[in-house]
Every structure is written in C-alpha cells, then in structure tokens.
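> Provided below are the primary sequence and the corresponding predicted coordinates.
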Amino acid sequence: MATILPVNGVSPTLPKSCFIAPNATIVGDVIAGEDCSIWFNAVVRGDVNSIRMGNKVNIQDGAVVHCTYEKTKTTLGNNVSVGHNAIVHGCTIHDDVLIGMGAIVMDMVVVHSNTIIAAGAVVLEGTNCQANSVYAGVPAKKVKEISQDLAEGEINRIAENYKKYSSWFK
C-alpha cells in the first residue's frame, strides 16, 4: 500500500479518481486534482511547503516532486506529465506541459503552457520557459518553438495515455 502520511497535522488530499501506485510516497500539504496518477516509486513531498496539482497530472515512476522550506512551493497545472525519474522542485508548471524523463526543474522556474522540457534537461533556478517551446540541454535553453498542434499532440497524447494506464489498476 502507498505511503500517505500527514506532516504537522496536514494530510494529502487525493480524489478517488486518482491512481496511487502501491509503493508511491505522498506526504504533507499535497492537493491533487481529478484523474491524477502517481506511479511506482514516485515521491511527492509536501513536508516543507505546499504542492498543488491540477487535473490529469501524472507523476511517473521514480519522479520526485518537492519544494524548499519557507521559500518555494510547487504548482503543477492541468494536463502535466512528469517523466520517469524527473525532479520538479519549488517551481510553477502551467497547463499542458511535458517534463521529460530524467529532467530537473529547479526552484523558482516558471514553465509556461504547451512547453516540453526535454529528457535529461536541467532547468536552472529562476528560468522562465516560454510557451510553445522546447527546452533542452544542461543548462536547458530554448531550442525551438513548437506548433500548437504538435504541443497538443505530444503533451495531450501522453497525459491521455497515463489516464488510460491508470484505469488498468483501478
């Protein structure tokens, strides 16, 4: 069974429509929207600050979502995919974003809608990632703009797939 724990009297809020893998860890001030999924070995730690997730967010296997004590909160909009082994820390991710596998998104980063953070990218503290763009590299830089169709196709396809995958476990 998943580890879901209160911290300082604050428990995670997870709607019944969410899938939580049996070995996921979710603690503290975490509020998830509808149809979210938190996958195997993923950790969502709202122990030192708050984490807010919109609807249809998927936190894939081994990913970590955290924040910084008394400094940064983490906010994930609707239709956000956080890839396998990614780290999302103390940042704001707007709607319709894909964070690729193994990417690191640091404190005070803002990722605007319809944006892809490529696998393995490291988005440095305070970076403002423009909408409709792909960011890649170490440190991450904007490498190209993407069409609305491509952004919606890739980003929405993955989010929809994870909603389908989670239904297999309910």
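On my side now, so go ahead.
> all helices for the chain, in order.
Ranges of helices within the chain are 148-151, 157-167, based on DSSP state H.
> flag every buried residue along the shortest one.
Right, helix 148-151. By 16 or more other CB atoms under 10 Å, the buried positions in helix 148-151 come out as residue 151. Using the backbone N, CA and C atoms, a C-beta is placed for each residue, glycine as well.
> what about that helix, distance to the chain center?
20 Å (CA atoms, centre = their mean, to the nearest Å).
> contacts for it, please.
Helix 148-151 has contacts (CB atoms under 8 Å, 6 or more residues apart in numbering) with 96, 114-116, 132.
> looking at the helices of the chain, which is nearest to residue 39?
helix 157-167 (8.1 Å; CB to CB).
> so how far is the closest one from its chain's centroid?
On CA atoms, centre = their mean, the centre of helix 157-167 falls 14 Å from that of its chain.
> show me what it is packed against.
For helix 157-167, the packing partners by 3 or more CB pairs under 8 Å, 6 or more residues apart in numbering; DSSP states H and E come out as strand 37-38, strand 58-59, strand 80-82.
> can you tell me which of those is nearest to residue 139?
Nearest of the helices and strands packed on helix 157-167 (CB to CB): strand 80-82, 19.2 Å.
> residues contacting the closest one, please?
So strand 80-82 is contacted by 53-54, 56-60, 63, 65, 76, 88, 93, 95-99, 155, 158-159, 162 (CB under 8 Å, 6+ apart).
> can you give the strand pairings for that strand, parallel or anti for each?
Note on strand 80-82: by DSSP bridges, its sheet partners are strand 58-59 (parallel), strand 97-99 (parallel).
> for the ones you listed, which one ends up most surrounded?
strand 58-59 (a mean of 30; mean count of other CB atoms under 10 Å).
> so for that strand, mean pLDDT?
Averaged over strand 58-59, pLDDT sits at 98.
> coming back round to it: any chance of the strands paired with strand 80-82 in JSON lines, plus distance to residue 2?
JSON lines is the format used below for the strands paired with strand 80-82 (distance: least, CB to CB, whole Å):
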{"stretch": "strand 58-59", "distance to residue 2": "12"}
{"stretch": "strand 97-99", "distance to residue 2": "22"}
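> CA atoms only: put the longest strand seen in the chain into PDB for me.
When the chain is parsed with DSSP state E, its longest strand is strand 43-53. Output of strand 43-53 as PDB, limited to C-alpha atoms (Å, rounded to 0.1, in the frame of the first residue of the first chain):
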ATOM      1  CA  VAL A  43       7.700  10.700  -4.200                       C
ATOM      2  CA  VAL A  44       5.500  13.800  -3.700                       C
ATOM      3  CA  ARG A  45       6.800  15.500  -0.600                       C
ATOM      4  CA  GLY A  46       4.700  18.400   0.700                       C
ATOM      5  CA  ASP A  47       6.500  18.300   4.100                       C
ATOM      6  CA  VAL A  48       8.400  21.700   3.900                       C
ATOM      7  CA  ASN A  49       5.900  23.600   1.700                       C
ATOM      8  CA  SER A  50       2.800  23.000  -0.400                       C
ATOM      9  CA  ILE A  51       2.400  21.100  -3.600                       C
ATOM     10  CA  ARG A  52      -0.700  21.700  -5.800                       C
ATOM     11  CA  MET A  53      -1.600  19.600  -8.800                       C
END
